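> Coordinates for the following, if possible.
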Amino acid sequence: MITPYKDNKSGKKEQVAQMFNNIARRYDFLNHFLSLGIDNLWRKKAIKCISSIASNPLILDVATGTGDLAIAALKLNPQKVIGIDISTEMLNVGIKKIKRKGYQNLIELKKGDSENLEFDDNTFDGITAAFGVRNFENLDKGLSEMYRVLKPKGKIVILEFSKPRVFPVKQFYNFYFKAILPLLGKIISKDDSAYTYLPESVNQFPERELFIQKLEQVGFKNCSFKPLSFGIASLYWAYK
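Next up, the predicted model:
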């Protein structure tokens, strides 16, 4: 199992929370800077993908971080968006952002474990997650929990990094992810491990067809995916 801190004896979940707590104040800047702003486009595509669900939906944003996808989900005219995350510092940044934008009546961010959701069965019309599921300690359990709290015929949309397969994007991606990104991330975030863990976690993640199999194994139906930006990221969607 890939973990952020190799010399730390705690579990992956605790290490991931610690890592995001460490980089929370610089996370938004690094996200946009290191992706050249493409991450915003990916989020828009994710929200467009889930727009076919019920009107005025109740949305759960899993591993919400600082709430960027939860904010983007307001385009769906939801009754409410609830975002959960295990990192208190990321949530603090997100809560301040949401208050600054005046969205506090529509978006609620709170601490929560994606693998042990506190919500009742069949609660949400839609569930979103951006760049978070690969950080689950137990991927099958996390996906099963998302399935449990989703309403029948509800839709899940997951945005996650993947590995390009075409020349020369594959070669540039590998060089950038393994050499440039960890160096810039270390300098800006002041965390030696966070942006080394990122490419390692992407490399281990069961992407594309393998992730579709994971979704189907926990019960999701009509599972599909679409590579984005030459395969740097992938968008997955499925129904209960």
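> can we go C-alpha only for contacts and neighbour counts from here?
Noted.
> If you drop the residues flanking it in sequence, what lies closest to residue 26?
residue 189 (6.0 Å; Cα to Cα, 6 or more residues apart in numbering).
> Contacts only, for the one you found.
Residues in contact with residue 189 (Cα atoms under 8 Å, 6 or more residues apart in numbering) are 22, 23, 26, 27, 30.
> ditto for residue 46
Applying Cα under 8 Å, 6+ apart, we find residue 46 in contact with 157, 158, 159, 235.
> nearest to residue 43, of the residues you listed?
Distance to residue 43 across the contacts of residue 46 (Cα to Cα) is lowest for residue 159, with 7.7 Å.
> Quick check on the closest one: phi, psi?
When quoted as degrees, to the nearest 10, the phi and psi of residue 159 stand at phi -110, psi 130.
> Now do it: how many residues are near it, please.
Neighbours of residue 159 under the rule other Cα atoms under 10 Å: 26.
> Could you point out the helix or strand that follows the lowest-mean-pLDDT helix or strand in the chain?
When each helix and strand of the chain is scored by mean pLDDT, DSSP states H and E, helix 181-189 comes last, with a mean of 83. Counting by DSSP states H and E, the next helix or strand C-terminal to helix 181-189 is helix 194-204.
> Export that following helix to CSV, keeping only CA atoms.
Extracted as CSV, the C-alpha positions of helix 194-204 are listed here (Å, rounded to 0.1, in the frame of the first residue of the first chain):
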residue,chain,number,x,y,z
ALA,A,194,3.1,15.1,-0.5
TYR,A,195,4.0,15.6,-4.1
THR,A,196,6.1,12.5,-4.2
TYR,A,197,3.2,10.5,-3.0
LEU,A,198,0.9,12.0,-5.7
PRO,A,199,2.6,10.2,-8.7
GLU,A,200,3.0,7.1,-6.6
SER,A,201,-0.6,6.9,-5.7
VAL,A,202,-1.7,7.6,-9.3
ASN,A,203,0.6,4.8,-10.6
GLN,A,204,-1.0,2.3,-8.1
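> and that helix, what does it pack onto?
Secondary-structure packing of helix 194-204 (3 or more Cα pairs under 8 Å, 6 or more residues apart in numbering; DSSP states H and E): helix 181-189.
> buried stuff in the least confident helix or strand of the chain?
In terms of neighbour count (16 or more other Cα atoms under 10 Å), helix 181-189 has its buried residues at 181, 182, 183, 185, 186, 189.
> can you check stretch 38-57 too?
Burial within stretch 38-57, assessed by neighbour count using 16+ other Cα under 10 Å, is assigned to 39, 40, 42, 43, 46, 47, 49, 50, 51, 53, 57.
> Counting neighbours, what do you get for residue 166?
By the measure other Cα under 10 Å, the count of residues near residue 166 is 10.
> go on, residue 203?
15.
> Was I right to think it contacts residue 164?
No: between residue 203 and residue 164 there is no contact under Cα atoms under 8 Å: 11.0 Å.
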